[in-house]
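Asks: give me the fold of what follows.
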Amino acid sequence: TQATVYLNGCLMKHSFTGYTPFEVDITDVVKYGEKNVLAVYVRADEHEGWWYEGAGIYRHVYLIKTAPLASDLYGIYVIPEKVSDGKWSVTVENTIRCDSATPYKREFRVVNEILDSAGNVVVTTESAGIVNPYDKTTVTGNATVSDPRLWDVDDPYLYTCRTTVFDGDAAVDCDEVS
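Replies: Here you go, the predicted model:
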């Protein structure tokens, strides 16, 4: 299935496959405070596999509004590594984007909190960086977790990483991954 996305009559994006997610930045075309027309044309007459794929939109569609300085879509990457019995190193890579022309270079700070399933903070990492206008950059934080409860088929325990992006002292974006 192929999809073509239009906003207010402007071609925004063409996706050539139904198997991968994609994003569309509508900032320059959306009419703030007014009615907007979003149209998606789905073409399902070409097959990508040997099975019946159906036709239409079968995946979630989200409208994500962020500040100009924010985590990139899929920009939080958590890498747990076993150091020794009962001790794990957790590295968090954050890709931060700047969708603004001012100031010329944007300083930011990122705080990552690893939360247990009850929402309690287990460990925190903090990193800082600079990103140029209309660009992305990646910063890395690292922490050690002692005696984590490991995921198992019989005990599917999950931790969550909550990432908060700060522009100066102001929290401008917050996102979570499990």
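Asks: packing partners of the worst-scoring helix or strand of the chain on mean pLDDT?
Replies: When the helices and strands of the chain are scored by mean pLDDT, DSSP states H and E, strand 38-43 comes last with a mean of 88. On a contact count with 3 or more Cβ pairs under 8 Å, 6 or more residues apart in numbering; DSSP states H and E, strand 38-43 meets strand 2-7. C-beta coordinates here come from the backbone N, C-alpha and C atoms, glycine included.
Asks: quick one: contacts of the strand it packs on?
Replies: Strand 2-7 has contacts (Cβ atoms under 8 Å, 6 or more residues apart in numbering) with 11-18, 24, 26, 29-30, 36-44, 46, 57.
Asks: rewinding a little: and the least confident helix or strand of the chain, what's buried?
Replies: For strand 38-43, a neighbour-count test (16 or more other Cβ atoms under 10 Å) marks V40 as buried.
Asks: helices or strands next to the longest strand along the chain in the packing?
Replies: If you go by DSSP state E, the chain has its longest strand at strand 69-84. Other helices and strands packing on strand 69-84, by 3+ Cβ pairs under 8 Å, 6+ apart, are strand 87-98, strand 106-115, strand 135-146, strand 160-167, strand 170-177.
Asks: direction included, what does the last one pair against?
Replies: Counting by DSSP bridges, the strands paired with strand 170-177 are strand 160-167 (antiparallel).
Asks: if you average the pLDDT over the partner strand, what comes out?
Replies: The pLDDT scores in strand 160-167 average 96.
Asks: now do stretch 58-68
Replies: Stretch 58-68 comes out at a mean pLDDT of 82.
Asks: straight-line length of it, end to end?
Replies: 30 Å (Cα to Cα, to the nearest Å).
Asks: look up how far T125 lies from G141.
Replies: Distance, G141 to T125, using Cβ to Cβ, to the nearest Å: 3 Å.
Asks: any low-confidence regions in this structure?
Replies: 1, 46-55 (pLDDT under 70).
Asks: so how far is I79 from the nearest residue to T66 once chain neighbours are set aside?
Replies: Spatial nearest neighbour of T66, chain neighbours left out: D173 (5.7 Å); criterion: Cβ to Cβ, 6 or more residues apart in numbering. Separation of D173 from I79 (Cβ to Cβ): 21 Å.
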